[in-house]
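A.B. asks: got a predicted structure here, sequence first:
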Amino acid sequence: MKDGKHLTLGIETSCDETAVSVVADGREILSNIISTQIDIHTQFGGVVPEIASRRHLENINGCIDRALSEAGVSIDEIDLVGVTYGPGLVGALLIGVAAAKSIAFACDIPLVGVNHMHGHIAANYLEHHDLEPPFMSLVVSGGHTNIVNVPDYNRCEKIGGTRDDAAGEAFDKVARVIGLGYPGGPKVDKAAREGDRDAIAFKRVWLEPGSYDFSFSGLKTQALNYLNTERQAGREINVNDVAASFQEAVVEVIAEKAVCAAEEFGQKRIVMAGGVASNTRLRELISQKAAARGIDVLRPSPILCTDNGAMIASAAYYAYRAGERSGYDLDAVPALEF
Amino acid sequence: MKEITKGTFITDTEADTRAIGLSIADAAEPGDIVALIGDLGTGKTALTKYIAEGLGITEEVISPTFTIVREYRSGRLPLYHFDVYRLSGPDEFFYAGAHDYLEDSGLSVIEWADIVADALPEDALLIYIEYAEEGRRRITLI
């Protein structure tokens, strides 16, 4: 406790980022450290593999120290530790879980394991201080494409997900073949603004009527076939048109399904989360479709759309308030379901 | 791995690809490694879905590109489905904890295996998937 506020330390190491944050009362970010902001090469004197549990191990203590010092609190003032225990890479998750357990044990404070995906949704509580469930959530990122009904703080009911590639992954792969490079999402977004979204008629993949699932693998193949055909015929490829047409085929399906889901479940709000929530055209299209049906759309700022510790702290805080506690036997669950 | 027909196959339809996936699943033994090598969109994940079906896995097999590996345990053998597309080489494969899986008693299927070729044992089943004419695929088992 500090100044009468409940302090949660949130730890996130499920994939590429080592991230630690201190959040007050589940809503107010006091610090939000993400390891990619730290110059690892100078700190550790050498190239460290991009995706590595070893890198998390090297970063974790430094990130915790920085999160505490930037928040202006000492470890003794922390009331709760929240940590991502899945889904993700097992070696990466274990580092965060072990660190969280050690702190909980040493400081004798409660520990709550958090589902990474619930964390993404909770990022919105940090951005929109008056937001409360119920709402419909759309979680779109490099690794996930899910429509999730959120009836209260501690329930997330997945009603649809991808059957093959995630939306962000489809962006990355197509960006690579049209020579836009990495990260594909922002690059496609930017190129698409200069392109004609009706230039190429990519097929929208709706799946069975009433399904909230997605499939982007076939669309990726369509784009590749288009590029091969054009190249073989010696025609010049307009990268901006390909980006715009491809993006439209992805985001139109996502936007329509999210709005239909909100309507079917009687939700008046759609809360976006994950990196692809920053896509300009998705935001535009979903806002149009939602407004036509009297539904509001909210999303967090880009920094809270990426993996971070603050969202984990917020989710942990609400789980803790509902009575949830994890024991010292908390283990990483790489394939944790929604 | 049990005996399996090697060589080059031209697949006309999904059913042809499925047959290859099912035969790999039938031949799989604990600790086996299948290395898939082929360009974007050639159907590496699709082939893996059929291998999973052949193992009796009931969960939806989705792309592991983002998490590098996904595990499925509802079948005859555990399936460890890797996609090393985002990795730079064998070192990162090692740091991602790959050897814990490869040495385990499941079937490991690795997409973009050419990236980590040096980290794979010699007895891994190599499968090349290439584009052939008119939407067909050329699948070579070595």
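C.D. replies: Looks like it came in fine. Numbers count the residues shown, from 1 in each chain, chains lettered A, B, ... in the order given.

A.B. asks: longest single helix anywhere in the chain?
C.D. replies: Just so you know, I chose chain A. For chain A, the helix that runs over the most residues, judged by DSSP state H, is helix A:239-264.

A.B. asks: hmm, no, I was thinking of chain B.
C.D. replies: helix B:14-27.

A.B. asks: the following helix or strand past that one pairs with which strands, parallel or anti?
C.D. replies: Counting by DSSP states H and E, the next helix or strand C-terminal to helix B:14-27 is strand B:33-38. Partners of strand B:33-38 in the sheet, by DSSP bridges, are strand B:107-111 (parallel), strand B:125-131 (parallel).

A.B. asks: report the buried residues of the helix or strand containing A:V174.
C.D. replies: Under the criterion of DSSP H and E, A:V174 resides in helix A:167-177. Residues of helix A:167-177 classed as buried by neighbour count (16 or more other C-beta atoms under 10 Å in any protein chain shown): A:167-175, A:177. Placement of C-beta: from N, CA and C, glycine included.

A.B. asks: could you do stretch B:59-72 as well?
C.D. replies: Neighbour-count burial for stretch B:59-72, counted by 16+ other C-beta under 10 Å, picks out B:61-72.

A.B. asks: just want the residue of the stretch 101-250 of chain A that's nearest chain B.
C.D. replies: A:G143 (3.0 Å; C-beta to the nearest C-beta).

A.B. asks: contacts only, for the closest residue to A:P302 other than its chain neighbours.
C.D. replies: In space, A:P302 comes closest to A:S278 once its chain neighbours are excluded; the distance is 4.8 Å by C-beta to C-beta, 6 or more residues apart in numbering or on different chains. Residues in contact with A:S278, defined by C-beta atoms under 8 Å, 6 or more residues apart in numbering or on different chains, are A:185-186, A:189, A:299, A:302, A:305.

A.B. asks: whichever of these end up buried, select them in PyMOL.
C.D. replies: The buried residues among the contacts of A:S278 can be selected in PyMOL (16+ other C-beta under 10 Å) with this line:
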select buried, chain A and resi 185+186+189+299+305
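
A.B. asks: out of the contacts of A:S278, which comes closest to A:S314?
C.D. replies: The shortest approach to A:S314 among the contacts of A:S278 belongs to A:C305, at 14.0 Å (C-beta to C-beta).

A.B. asks: which ones are touching the closest residue to chain A within chain B?
C.D. replies: As assessed by C-beta to the nearest C-beta, chain A sits closest to B:F66 within chain B, at 3.0 Å. Shown in contact with B:F66 (C-beta under 8 Å, 6+ apart): A:15, A:141-144, A:166, A:168-169, B:86.

A.B. asks: now do A:D108
C.D. replies: Going by C-beta under 8 Å, 6+ apart, A:D108 touches no other residue.

A.B. asks: before we move on, what about the one 4 residues further on?
C.D. replies: Contacts for A:V112 were tallied using C-beta under 8 Å, 6+ apart; they are A:80-83, A:316, A:319-320, A:324-326.

A.B. asks: distance of A:A292 from chain B?
C.D. replies: A:A292 is 32 Å from chain B, where distance means C-beta to the nearest C-beta, to the nearest Å.

A.B. asks: per-residue confidence at that residue?
C.D. replies: Here, the pLDDT recorded for A:A292 equals 96.

A.B. asks: rewinding a little: would you mind finding the most buried of the strands paired with strand B:33-38?
C.D. replies: strand B:107-111 (a mean of 27; mean count of other C-beta atoms under 10 Å in any protein chain shown).

A.B. asks: what's the angle between that strand and helix B:14-27?
C.D. replies: Per axes from the mean of the first three to the mean of the last three C-alpha atoms, to 10 degrees, the angle that strand B:107-111 makes with helix B:14-27 is 140 degrees.

A.B. asks: other residues contacting strand B:107-111?
C.D. replies: Applying C-beta under 8 Å, 6+ apart, the contact partners of strand B:107-111 are B:25, B:28, B:30, B:32-36, B:44-45, B:48, B:51, B:55, B:64, B:77-85, B:101-102, B:116, B:120.

A.B. asks: if we can go back for a sec, which one of the contacts of B:F66 has the most neighbours?
C.D. replies: Scoring these on neighbours with other C-beta atoms under 10 Å in any protein chain shown, the highest-scoring entry is A:E169 at 30 neighbours.

A.B. asks: next one: the nearest residue to that residue once chain neighbours are set aside from B:Y85, what distance?
C.D. replies: Spatial nearest neighbour of A:E169, excluding adjacent residues (C-beta to C-beta, 6+ apart): B:T65 at 5.0 Å. Using C-beta to C-beta, to the nearest Å, B:T65 is found at 5 Å from B:Y85.

A.B. asks: mind listing what B:R76 touches?
C.D. replies: Shown in contact with B:R76 (C-beta under 8 Å, 6+ apart): B:25, B:55-56.

A.B. asks: which among the residues you listed end up buried?
C.D. replies: When these are checked for burial by 16+ other C-beta under 10 Å, the buried set is B:25, B:55.

A.B. asks: CSV please, covering the contacts of B:R76 and showing pLDDT and distance to chain A.
C.D. replies: Converted to CSV, the contacts of B:R76 look like this (pLDDT from 0 to 100; distance: C-beta to the nearest C-beta, whole Å):
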residue, pLDDT, distance to chain A
B:A25, 97, 19
B:L55, 98, 16
B:G56, 97, 17
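
A.B. asks: tell me how many other residues surround A:Y182.
C.D. replies: For A:Y182, the neighbour count with other C-beta under 10 Å is 11.

A.B. asks: you'd agree A:I95 is up against A:H56?
C.D. replies: Yes: contact criterion C-beta atoms under 8 Å: A:I95 and A:H56 qualify, at 4.0 Å.

A.B. asks: comparing the two, which residue is more hemmed in?
C.D. replies: A count of neighbours by other C-beta under 10 Å puts A:H56 above the other of A:I95 and A:H56, at 27 against 24.

A.B. asks: could you list the residues in contact with the helix or strand encompassing that one?
C.D. replies: Counting by DSSP H and E, the element that carries A:H56 is helix A:53-71. Identification of contacts with helix A:53-71 by C-beta under 8 Å, 6+ apart yields A:7, A:9, A:11, A:13, A:18-22, A:30-33, A:35, A:38, A:40, A:43-44, A:48-49, A:74-75, A:78, A:89, A:91-92, A:94-96, A:99, A:103, A:309, B:95-97.

A.B. asks: just the buried ones from these?
C.D. replies: Buried subset of these (neighbour count, 16+ other C-beta under 10 Å): A:7, A:9, A:11, A:13, A:18-22, A:30-33, A:35, A:38, A:40, A:49, A:78, A:89, A:91-92, A:94-96, A:99, A:103, A:309, B:95-97.

A.B. asks: columns pLDDT and distance to A:P151 on top of the buried residues of helix A:167-177, output as a markdown table?
C.D. replies: Below are the buried residues of helix A:167-177 laid out as a markdown table (pLDDT from 0 to 100; distance: C-beta to C-beta, whole Å):
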| residue | pLDDT | distance to A:P151 |
| --- | --- | --- |
| A:A167 | 92 | 25 |
| A:G168 | 89 | 27 |
| A:E169 | 88 | 29 |
| A:A170 | 91 | 30 |
| A:F171 | 92 | 31 |
| A:D172 | 88 | 33 |
| A:K173 | 88 | 35 |
| A:V174 | 92 | 36 |
| A:A175 | 92 | 36 |
| A:V177 | 88 | 41 |
